[in-house]
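Pasted the sequence and its predicted model underneath.
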Amino acid sequence: MTTATVAAAPAVRTEKAPGISPRGWIGFLFVAPNLLGVVAFTLIPLISVVLLAFTDWNLVSGFGGISFAGLDNFVAIAKDPGFWNAAGLTMVYVGVSVPLTVVLGLALGIALNRPLPGRAILRAIFFLPYIVNTVAIGMTWLMLMNPRAGLVNQVLGVFGIEPGWFASSHWALPALIVMAVWGGVGYCSLIYLSALQDAPKQLYEAADIDGAGLWAKFRTITWPSLLPTTIFLLVTLIIGASQGFGLIALITAGGPGDSTTTISYYMYQTGFQFYRFGYASAIGLVTFAGVLVLTLLTWRAQRGRALND
Amino acid sequence: MTSKAAKWYWGIPLWILALAFLAPFAWMLSTALKADVEAYKIPMQWIPDPFQWDNFKTVLVGESSVLPAFGRSVFVAVLRVAGELLTATMAGYAFARMSFKGRDKLFLVYLATAIIPVQLLLVPRFIYFQKLGLYDTLWALILPGMFTVLGTFLMRQFFVSQPAEFAEAARMDGANEWQIFRRIYLPLATPVISALGILAFVWSWNDYETPLVLISSPENYTLPLGLTDFVDEQGSIAPGLTMAASVVSIVPVLLVFVLLQRRFIAAMTHTGIK
């Protein structure tokens, strides 16, 4: 759940601010404390993870046992059925939970943009799941989805459906998807809400004069003007959903069987349960590369389609 | 339809949906006040009878009290927030308002690392912290959190939007660079600083994956790890105690949320940081 993305950020402006400090080294002193920490805790680990991916190294072999392995790890990944199983599950998890969260978030955002009784409280309620820690939420849902006596199945039982949820290899992934959607919809709706408040009012007025219906207005004005927001949300949620392993480690430990061993959990397992650092690093790199490609594709798909591009 | 009727026409279904969204939290609170045997009773009883306040007593002052873990979480969060605010405001200010050799190239490096997911860095951090003797200490959680690219980025975006004239005038009056930063620009940044502070706090408070990997002894558990410790005689999760501890873990974030709601939502929605 600890995913960070630089979002909707204004483009980098690199022009020189006029009239700034004549003595260059002072500016460097201001940056130095942060820079030292970033080098130590982000840059060096980043370079290390790339190097590690080309080594065969595990905890048992110790520091002396580190050896260059060339592309061995990547070849092994290509042949590893565990990796491909995890990759497939991740596709399903991300491919279902992310679009669902965004679409429902959009609907909710539009609804919350109307005058409503207690609107501020409504917003806060939908946002609440987003700010609560993984463990409290995970433990609650684990009990709510208890197949025998949990509240969810008490309700569904009325309709004659009683899924096994986390006890079933068919239902465990859908259960995680339900949790992800519940947790993310409020966040998406608030992002959409702030974008909707910047929507071009004069276009709506013009459309009203032309007698356009609700759907026509949505399709020709709302949706295009929200496209950058949608892309931002897709990218953020794709990165978050494909990298997080906390909830899975807490609730299912990848099971039953390997039915919830997503790729991030597979990496966690490889690195921190089997201590195969080289292989885990390679998995991490491949995953990151995959997410990066997906992100770029998402980005390219929208180019030129936004309202004010 | 009058506008008031229209308000309720949409309002009623949304409120019903909102209550459904709240149900897990209501369940959490209700179960926190129940004896373990009552937790899975069919049909579900929303109002506990009797109220089992003992769960909170056990969780707070009992043998496996969460208070030490709570304290550690506070300690970690305070240092992380303070460190991040200090280093990020200074660096962000310099990237925006001062010139030094290699500034723009360095900032590009910063930007490039901003998209790296934390999870990718956990394996090397795990190895280094073991070598440095920081593994299984709170410093393994605190130190990386004190120096962030993202905080620097946020602060830079703010300072870039501020006029340079203030600095020029102050420089004419003989102020040095530190005074210009500290007395003129920093006070202007209060809203951004509080937004970053909220984010850093929530991020630190809720972090589960980092301690899961970098902390191993129960005496170093932060709160999220401590929540998983409540089991009954059969070794299965004790619902009442676990939920009571979960409620306790939510309170600080909820408090910040309720008190600073507008700023909180703005901070979270404008940065995409979780």
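Nice, I can see it.

And the residue nearest the centre of chain B?
The centroid of chain B falls nearest to B:Val202 when counting by Cα atoms, centre = their mean (1.3 Å).

Run through who's touching the helix or strand that one falls within.
For B:Val202, the host element (DSSP states H and E) is helix B:190-206. Helix B:190-206 is contacted by residues A:1-2, A:131-134, B:73, B:76-77, B:80-81, B:84-85, B:88-89, B:141, B:145, B:148, B:151, B:154-155, B:158, B:186, B:223-224, B:252-253, B:256, B:260, B:263-264, B:266-268, B:270-271, B:273-274 when judged by Cβ atoms under 8 Å, 6 or more residues apart in numbering or on different chains. Placement of C-beta: from N, CA and C, glycine included.

in that helix, what's buried?
Neighbour-count burial for helix B:190-206 flags B:192-193, B:195-206 (criterion: 16 or more other Cβ atoms under 10 Å in any protein chain shown).

now do stretch B:9-25
Buried residues in stretch B:9-25, counted by 16+ other Cβ under 10 Å: B:Gly11, B:Leu14, B:Trp15, B:Leu17, B:Ala18, B:Phe21, B:Ala23, B:Pro24, B:Phe25.

Same list, these, but as CSV with secondary structure and distance to chain A please.
Formatted as CSV, the buried residues of stretch B:9-25 follow (DSSP: H, G, I helix; E, B strand; the rest coil; distance: Cβ to the nearest Cβ, whole Å):
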residue, secondary structure, distance to chain A
B:Gly11, helix, 4
B:Leu14, helix, 6
B:Trp15, helix, 7
B:Leu17, helix, 8
B:Ala18, helix, 5
B:Phe21, helix, 6
B:Ala23, helix, 7
B:Pro24, helix, 5
B:Phe25, helix, 7
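
Of all the residues in chain A, which one is nearest chain B?
Nearest to chain B in chain A, going by Cβ to the nearest Cβ, is A:Gly37, at a distance of 2.4 Å.

okay, now that residue: neighbour count?
22 (other Cβ atoms under 10 Å in any protein chain shown).

Skipping adjacent residues, who's closest to it in space?
Closest residue to A:Gly37 apart from its sequence neighbours, by Cβ to Cβ, 6 or more residues apart in numbering or on different chains: B:Phe147 at 2.4 Å.

Over to B:Leu122?
B:Val213 (5.1 Å).

Remind me what the one helix or strand that neighbour maps to packs against, helices and strands.
Applying DSSP H and E as the criterion places B:Val213 in helix B:209-214. Counting contacts by 3 or more Cβ pairs under 8 Å, 6 or more residues apart in numbering or on different chains; DSSP states H and E, helix B:209-214 is packed against helix A:246-251, helix B:122-132, helix B:139-146, helix B:223-226.

Next one: the third one, is it in contact with chain A?
By that I understand helix B:139-146. Yes - using Cβ under 8 Å from any Cβ of the partner chain, we find that helix B:139-146 touches chain A at B:Leu143, B:Pro144, B:Met146.

Report the buried members of these.
B:Leu143, B:Pro144, B:Met146.

just those residues now: which is nearest A:Leu52?
Among these, B:Pro144 lies closest to A:Leu52 (Cβ to Cβ), at 17.8 Å.

need the contact list for that closest one.
Contact analysis of B:Pro144 by Cβ under 8 Å, 6+ apart lists A:Gly37, A:Phe41, A:Thr42, B:Leu121, B:Arg125, B:Thr210.

again, only this time at 7 Å
A:Phe41, B:Arg125 (Cβ atoms under 7 Å, 6 or more residues apart in numbering or on different chains).

Save the buried residues of stretch B:9-25 as CSV, and put in distance to B:Thr31 and pLDDT too.
Output for those, formatted as CSV (distance: Cβ to Cβ, whole Å; pLDDT from 0 to 100):
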residue, distance to B:Thr31, pLDDT
B:Gly11, 30, 87
B:Leu14, 26, 92
B:Trp15, 24, 94
B:Leu17, 23, 93
B:Ala18, 21, 94
B:Phe21, 18, 92
B:Ala23, 12, 93
B:Pro24, 10, 94
B:Phe25, 11, 95
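
Let me see the ranges of the helices in the stretch 51-200 of chain B.
B:54-61, B:67-97, B:103-114, B:122-132, B:139-146, B:149-160, B:165-172, B:177-179, B:186-188, B:190-206 (DSSP state H, counting those that start in this stretch).

Would you state the helices of the stretch 51-200 of chain A in chain order?
Taking DSSP H, counting those that start in this stretch as the test, the helices found in the stretch 51-200 of chain A are A:72-79, A:81-112, A:119-131, A:134-144, A:151-157, A:172-196.

As JSON lines, the ones you listed with distance to B:Pro163 and mean neighbour count would be great.
Conversion of these to JSON lines gives the following (distance: least, Cβ to Cβ, whole Å; neighbours: other Cβ atoms under 10 Å in any protein chain shown):
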{"stretch": "helix A:72-79", "distance to B:Pro163": "51", "mean neighbour count": "16"}
{"stretch": "helix A:81-112", "distance to B:Pro163": "35", "mean neighbour count": "19"}
{"stretch": "helix A:119-131", "distance to B:Pro163": "34", "mean neighbour count": "19"}
{"stretch": "helix A:134-144", "distance to B:Pro163": "43", "mean neighbour count": "24"}
{"stretch": "helix A:151-157", "distance to B:Pro163": "56", "mean neighbour count": "17"}
{"stretch": "helix A:172-196", "distance to B:Pro163": "26", "mean neighbour count": "23"}
